[in-house]
Every structure is written in C-alpha cells, then in structure tokens.
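A.B. asks: generate coordinates for the sequence data below:
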Amino acid sequence: MHSALPKVLQPLAGAPLLGHVLNTARQLSDARICVVYGHGGEQVRAVLDAPDIAWAKQEPQLGTGHAVLQALPHLDAVSPAPTFVLYGDVPLIRPATLRRLLDAAGEGKLGLLTARLANPKGYGRIVRVSGKVVRIVEEKDADDAERAIDEINTGILVAPTAALARWLPTLGNRNAQGEYYLTDIVALAVAEGMPVVTAHPDAVWEVEGVNDKRQLAELERVHQRNLAEQLLLAGVTLADPARLDIRGELACGRDVSIDVNCVFEGRVELADQVSIGAHCVLKNCRVAAGARIAPFCHIEDAVIGADAVVGPYARLRPGTELGMRAHIGNFVEVKNSSIAADSKANHLAYIGDATIGQRVNVGAGVITCNYDGASKFRTVIEDDVFIGSDSQLVAPVTVGRGATLGAGTTLTQDAPPDQLTISRTRQVAIPGWKRPLKTKKD
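C.D. replies: Numbers count the residues shown, from 1 in each chain. Below you'll find the model as predicted:
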C-alpha cells in the first residue's frame, strides 16, 4: 500500500477496511468475533478494539491455516455453532451472501464461497470430480489443466467448529509457498466423508480484496455506486449518481435532491424536500424539511431548521443551531451559536458563541468578538434587533430587544432595547487637502 497505515486500516467510505468486515460479522446472529492480526496489529487493535472482539496474534505469519489456528483458543469447539472465516481486506461481502452460505452448509457440512471468473489468474481453483468438490489447488501448485478451471476459491468459508479444531493442527506445508494453507481442510473433509458444498455471491465485487491503492479506489467507487442506487430506489434525486460520496450513514426523507460532488460524513439526516447544492460537505448534522443548502457549504455537527437557507459558501461549525426560515448567506461562519426563526446573516460575517433571537438582521462584516486570547465569552442578541454592517460585538455583551446598532459600531457594553446605539469617530472633511503625487524619476 506504500503507507504507514496498515492495509486493513486503509479507509473505504470513511471507515477502515476491517471495520466494514466487523460490521458485517456483527449482523450474523450471536456472532463471536476473533481478529487474527500480524503486521501493524497493535495499531489495528488500538483503532478497532471493542468488547465483542477477541484478538489473536499470528507471529510468525505462516499462512492462512496457521492464522486460523491462532484463533482456536477463542472458539468454542463443543458448540454446535459453526465458524466463518472472513478477511480483513475483503470489505464488501454482504450479510445476505454469508447467510446463503450458512444455509447451504446446514449442519455438519463444510461450506465454501466460490465464484466463476473469466480470468481466474492468481486465485486458488475449485477441483471437482463428478460435480463434487474434492480439493482446492493454489495457482502456484496447479498444473495446466487445473489453471484452466474458472471456478475460484474466494477464501470465505464456514465450517463446523469441532472439525476445524481437528483439522488445523494436522495441516502441512509441503507446497510452493512453504505455508500452511487453510484450503487443505477441503481434502481433509472429503477424506472424512464430510460433504463440501458451495454458494456464490451475487456480484464478484463482494469477494474482491484490496492489495494496492488502485484496487482500493475501484472498490470505493463500487461501494459508492451501490449506496447511490439505494438512494435512487428510495426516491432521492441525484444529479449524478457517480459523483456522490457517503462516508457514514445518510438518511433521506421524501423528495430530497442532491447535486453533484457532495460528501456526507458520519450520521446525516435530510428531511422531506431538502435540497443540497453542488460541492457541499455535511458531517453529523440534521437538516429539517424544506431547508435549502446552496453550493459550496461546509456543515459539521449542526442542526438546520425547516425552510432555512444556507449558503452559498457558508460554514456552519459544531454547535450551530438554525431556527425555521433562518438565512445564513455567502462567506458567513457560525460556531457554537443558536439563531432563531426568521433571523438573517447574509454576508461576510462571523458569529461565534452567540445566542440570537427571532427576526434579527446581522449586516455584512459583523463579528462577534468571542475570544480574548484565553477564554470564550457569549454574545446575546434578543428578538427584532438590527445589527448594522461592519460592527463588532465584544463579548460578553447583550443587545436588547428591538435595538439597532449603527454601521461601524464597536459594542463593548450592553445595548438597551428599542434604541439606536452607535459608536463612531466624528466625520471630518479637510478643505484644501491634496492627495500626494508620485515623484517622476529622471
């Protein structure tokens, strides 16, 4: 991967590759999860450790069979529950596919997930006799006839746990790699007379692994296309399904529309008739019905009220709450502030650590000066206030209900309600003043 980050921590849709596999495993009923780790394992464990995960270190790394052997102490060999073997770099396997494999295996059978590929190069081949699986041969150990087989082993399997406990310690390493292959358990099952059955994924991408950044990018697009198709089938309007990135969970109501190149991170909720303009980034936020987000907005950990309008080029930082029909315009930044219904800040303003009432107009260039270099302070602007352009409100300060601040005011004390407060130097015109001229060079 040419990265300091271990492969299974490389992000796909904003989550580690292994995180996707763990989430799938958790959807299987009563799953007990064991992660076998090697390279970069402590870093992996630090990121993904959870109470429902057991960890088994594989050192040295002597092949897939040796890897699963490390997990045996964490498995219940007397339990009738079978054991799945999944892979941390195969992120898109679906729970429905695993359940299909489980149903095919039933009780007391070895189940293999296989697929047919036009170009099976690099994969182990499924060898059948009279239609029955008898063994798996790795490509490096295969002859020409075996390499011509197009049914491949995906590596994903389900086996009776007690049988795994019998087979794994007996595996040998007499092969081209000098490794202990998990696939050799197929021959052991056949020798015992245990049926070996197969199931197939609905799509090949479910079983594709990641070994480089190219493959990672390809699976990213597959995953995003799948998410886009789900949204389309649910009635969401996407300007271009190929230009959408969901890096978390996106929940949409009816008649939602999303323009191109939008990114959704964490948990995002869009209620009915919400419109998201092009090139927006939304992270962990709720947008109420009828709200409109214009292009090029960045919104994080915020709540946007019904029929509100945001942007273009607005930034809502964590702790922002907009009321119904609030307007936040171009190049306005809001942080840790509540802005009540029908209030507006339409141009070039910074609103930080503020509580703004209803029907307030915040003019262009207004700043709430909330930080003195050591501590944050709050600004309170009550209902029906008009803040003139280019004003600075030095917190802590309160602007009373119905007050007006004249343009260019620097407010350092509370402004009384229903009055004009203004802070300006006296305007002076100087008769006869001449603008300096440049001296001509010889």
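A.B. asks: C-alpha from now on. contacts and neighbour counts both.
C.D. replies: Will do.
A.B. asks: span of stretch 157-169 from start to end?
C.D. replies: Taking C-alpha to C-alpha, to the nearest Å, stretch 157-169 runs 18 Å from one end to the other.
A.B. asks: oh, that last question was meant for stretch 231-246, not what I typed.
C.D. replies: End-to-end distance of stretch 231-246: 11 Å, with C-alpha to C-alpha as the criterion.
A.B. asks: buried sites along that stretch?
C.D. replies: For stretch 231-246, burial by neighbour count (16 or more other C-alpha atoms under 10 Å) applies to Leu231, Val236, Thr237, Leu238, Pro241, Arg243, Leu244, Asp245, Ile246.
A.B. asks: which one among the residues you listed gets closest to Ala159?
C.D. replies: Proximity of the buried residues of stretch 231-246 to Ala159, judged by C-alpha to C-alpha, is greatest for Ile246, which lies at 34.8 Å.
A.B. asks: about what we covered before: which of the buried residues of stretch 231-246 sits closest to Leu157?
C.D. replies: Using C-alpha to C-alpha, Ile246 is the member of those that lies nearest Leu157, at 29.8 Å.
A.B. asks: so the closest one sits against Asn261, correct?
C.D. replies: No. Using C-alpha atoms under 8 Å as the test, Ile246 is too far from Asn261 to be in contact (10.6 Å).
A.B. asks: circling back to that earlier point, looking at the buried residues of stretch 231-246, which one is closest to Ala96?
C.D. replies: Leu231 (19.3 Å).
A.B. asks: how many residues are close by the nearest residue to Ser338 once chain neighbours are set aside?
C.D. replies: Distances taken as C-alpha to C-alpha, 6 or more residues apart in numbering put Glu321 closest to Ser338, at 4.6 Å, once the chain neighbours are dropped. Residues lying near Glu321 (other C-alpha atoms under 10 Å) number 23.
A.B. asks: could you report the neighbour count for Arg428?
C.D. replies: No Arg there; residue 428 is Val. The burial count for Val428: 6, using other C-alpha under 10 Å.
A.B. asks: over to Thr97?
C.D. replies: If you count neighbours by other C-alpha under 10 Å, Thr97 ends up with 17.
A.B. asks: got it, and His39?
C.D. replies: Close neighbours of His39, defined as other C-alpha under 10 Å, add up to 15.
A.B. asks: give the contact list for it.
C.D. replies: Pro6 (C-alpha atoms under 8 Å, 6 or more residues apart in numbering).
A.B. asks: quick one: it from Leu92, how far?
C.D. replies: 22 Å.
A.B. asks: what's the closest of the buried residues of stretch 231-246 to Ala148?
C.D. replies: Pro241 (37.8 Å).
A.B. asks: and that closest one, what does it touch?
C.D. replies: Arg225, Ala228, Glu229.
A.B. asks: got a pLDDT number for the residue most central in space within the chain?
C.D. replies: Geometric centre of the chain, nearest residue: Arg247, 2.4 Å, by C-alpha atoms, centre = their mean. According to the prediction, Arg247 has pLDDT 97.
A.B. asks: give the pairing partners of the helix or strand hosting it; include direction for each.
C.D. replies: Assigned by DSSP states H and E, Arg247 belongs to strand 244-252. Sheet pairing of strand 244-252 (DSSP bridges) gives strand 262-270 (parallel).
A.B. asks: what's the offset of the partner strand from the middle of its chain?
C.D. replies: Centroid separation between strand 262-270 and its chain, computed with C-alpha atoms, centre = their mean, to the nearest Å, is 9 Å.
A.B. asks: sorry, back to before: what pairs with the residue nearest to Ser338 across the strands?
C.D. replies: Applying DSSP bridges to Glu321 gives these bridge partners: Val303, Ser338.
A.B. asks: hang on, isn't it packed against Ile304?
C.D. replies: Yes. Here Glu321 reaches Ile304: they are 6.0 Å apart, a contact under C-alpha under 8 Å.
A.B. asks: tell me how far Asp384 lies from Lys344.
C.D. replies: When distance is defined by C-alpha to C-alpha, Asp384 is 11 Å away from Lys344.
A.B. asks: domain map for this protein?
C.D. replies: 7-115+154-207, 213-421 (automatic domain parsing).
A.B. asks: quick one: average confidence on the shortest one?
C.D. replies: Throughout domain 7-115+154-207, pLDDT has a mean value of 93.
A.B. asks: quick one: end-to-end distance for it.
C.D. replies: End-to-end distance for domain 7-115+154-207: 16 Å, by C-alpha to C-alpha.
A.B. asks: neighbours around Thr161, how many?
C.D. replies: So Thr161, with other C-alpha under 10 Å, has 21 neighbours.
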